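Chemist: what's the 3D shape of this:
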Amino acid sequence: MRLLPFILLLSFVVSGSLTYSKEIPPEDNDKKSSADSLHNPNQTGKHQLKYALRFNNHYDANLYLSETTPGKSSSKPTGIVLEDGTTWSYESDLNSTRLFTLLGLTAVVDVAGYYRLKDLWYDWPTSKFHTTDFKLDFITYKLMDKYGHFLHSFFVSDFFSRGYRWSGISGENSVYYGALSGWLWMLQIEIADGFFEAWGFSWGDLMFNTFGSGFSLMQQLYPEALGGLQPKVSYHKSDALRERKYNNGTKSIIDDYEGITWWLCANVYHYMPENIQKNYPAWLKPFGLAVGYSAHRIANDPQGGERVLLLGLDYDLRKLSFGENNNLFKFLKNELNIIRLPLPAIQITPNGIWYGLYF
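Modeler: Coordinates of the predicted model:
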């Protein structure tokens, strides 16, 4: 049952990719030079150039993979090497081996994850398919579980988008396919939950899954507004998990909501005017601001407890100069950027204010 969405996804991606593999290329004007074509956003499609320049505020010919038309002196850009190490291609050129490798690894991880979850969650009594109480669902754990669904969907959608670009699917299609794949990945979990007596299918979870996948899609299509934002997570093992205080028998960090902190981080450099960016010190570029959210005393009382707000610094690994010439390092920096590093923060609770290094 868990693999059914990916069987459907496989058919969708392959058929869709073949359909779009003959997309209309960017307009080629013989009277313009190759350099001129790079400075004309209208020649590169609706979103591609904006995405490519998300962290590059100046046009750089070295970012482009050009194709020269036989018999013509000009060339047109066929793709852009992105800051995440993948290539944003204007036309799909499907590499079936890479695509089936991606989907095969997805299936392996899916099955392995299922058997792991059987030890953590799926040994509870089952029932016929049912849904949770919508109102009760939204007052449980102070929404900590819902933010988890948002971040998981965002991360998986982003990962799939990069994987599809690596497989030769055009840049713009990779964004839509990635968001759909991330959403389907989470949907299988929601369907499985619907057959357990203690849980049930959660419309609230599905809603936050949609928000997460949607944010991944919108961030890639509108990088000027959203590209400097990064959802993140940090974790320390809570006393509640260590002392087995959770009323649902939680024994995994996945459900240790008192030890998890969700963050929304903003890179300051990304939103600076261009004239300031030109003279901004390189070592300061990764630093930004972070707003965090956590909860205390919800292990024994899921409908009780208290919310915790945090304000602190953030370090954006995507701005780190190390590994700029290696696509693997660039990819890893983007993937690991979902973790907020231990940095100073102020913690605000109903009982007072705390400050120091926080993870």
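
Chemist: run a quick neighbour tally on the closest residue to L328 other than its chain neighbours.
Modeler: Spatial nearest neighbour of L328, chain neighbours left out: G85 (6.5 Å); criterion: CB to CB, 6 or more residues apart in numbering. Placement of C-beta: from N, CA and C, glycine included. Residues lying near G85 (other CB atoms under 10 Å) number 20.

Chemist: distance of G85 from Q230?
Modeler: Separation of G85 from Q230 (CB to CB, to the nearest Å): 17 Å.

Chemist: got it, and T87?
Modeler: 22 Å.

Chemist: what are the ranges of the strands in the protein?
Modeler: Ranges of strands in the chain, per DSSP state E, are 64-68, 75-81, 87-89, 229-235, 260-267, 287-296, 306-315, 343-349, 352-358.

Chemist: redo the ones you listed as CSV? Include mean pLDDT and distance to D158.
Modeler: Below are the strands of the chain laid out as CSV (pLDDT from 0 to 100; distance: least, CB to CB, whole Å):
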stretch, mean pLDDT, distance to D158
strand 64-68, 50, 22
strand 75-81, 70, 17
strand 87-89, 89, 14
strand 229-235, 97, 10
strand 260-267, 98, 15
strand 287-296, 97, 18
strand 306-315, 97, 18
strand 343-349, 95, 22
strand 352-358, 91, 25
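
Chemist: okay, now W185: neighbour count?
Modeler: Around W185 there are 25 other residues, counting by other CB under 10 Å.

Chemist: who's in contact with the closest residue to it other than its chain neighbours?
Modeler: With sequence-adjacent residues excluded and distances taken as CB to CB, 6+ apart, W185 is closest to V156, at 5.0 Å. Residues near V156 by CB atoms under 8 Å, 6 or more residues apart in numbering: 181-182, 185-186, 213.

Chemist: try Y280
Modeler: 269, 272.

Chemist: need phi/psi at it.
Modeler: In terms of degrees, to the nearest 10, the main-chain angles of Y280 are phi -80, psi 130.

Chemist: give me the pLDDT for it.
Modeler: Per-residue pLDDT puts Y280 at 94.

Chemist: how close does it get to D316?
Modeler: Applying CB to CB to Y280 and D316 gives a distance of 13 Å.

Chemist: sorry, back to before: what about the residue nearest to L328, distance to G200?
Modeler: Counting by CB to CB, the gap from G85 to G200 is 40 Å.

Chemist: what residues of the longest helix along the chain count as buried?
Modeler: Counting residues, the longest helix found in the chain (DSSP state H) is helix 96-120. Using 16 or more other CB atoms under 10 Å as the test for burial, helix 96-120 gives 99, 102-103, 106, 114, 117.

Chemist: how close does the residue nearest to L328 sit to R98?
Modeler: In this view, G85 and R98 are 14 Å apart by CB to CB.

Chemist: ok, F159 next?
Modeler: Counting by CB to CB, the separation of F159 from R98 is 14 Å.

Chemist: can you check K237 too?
Modeler: 38 Å.

Chemist: repeat for F154
Modeler: 23 Å.

Chemist: what's the answer for Y269, then?
Modeler: Separation of Y269 from R98 (CB to CB): 33 Å.

Chemist: check T87 too.
Modeler: Taking CB to CB, one finds T87 at 12 Å from R98.

Chemist: so who does the residue nearest to L328 touch?
Modeler: By CB under 8 Å, 6+ apart, G85 lies in contact with 162, 326-331, 334.

Chemist: no more questions from me, cheers.
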